[in-house]
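1. model this:
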Amino acid sequence: MEQELRDLSDESGLGKRVRIQVSQALSEGVPTVTEIALRLGMSGRTLQRRLADQSLSFKALVDESRRELAERLLKETDYALNEIAFLTGFSEQSAFNRAFKRWGGQTPRSYRLGS
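-> Now for the predicted structure:
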């Protein structure tokens, strides 16, 4: 019980927990703050407040989750680029390509070939 209370009061892992939940939900589309909050057992407003207390934003965590998942899939799988786009919550490969280029300055294909 004491460990659970420490875990609840320890906000330092909140950003990581949000990124994990976002990554798991991405294949169904980009999750909302309310959806992720419910997975974490709190209201959307509470999640936003706790993230703000740590100078984190939900939007930035979603973007980071998508980038990390995309990089991992490009490095570790042979999935086609359109499949990776879908798995990271993009409805079209062109939107995925633009986002990936914004994240790292190169296309997903270039990133994969360089890995």
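2. Quick check: next helix or strand after the helix or strand bottoming out on mean pLDDT in the chain?
-> Across the helices and strands of the chain, mean confidence by mean pLDDT, DSSP states H and E is lowest for helix 2-9: a mean of 47. Next in sequence after helix 2-9, counting helices and strands by DSSP states H and E, comes helix 14-25.
3. elements contacting the helix or strand just after that next one?
-> Reading on from helix 14-25 to the C-terminus, the next helix or strand found by DSSP H and E is helix 33-39. In terms of contacts (3 or more CB pairs under 8 Å, 6 or more residues apart in numbering; DSSP states H and E), helix 33-39 is packed against helix 14-25, helix 44-53. C-beta coordinates here come from the backbone N, C-alpha and C atoms, glycine included.
4. winner for burial among these?
-> Mean neighbour count (mean count of other CB atoms under 10 Å) peaks for helix 14-25 among these, with a mean of 18.
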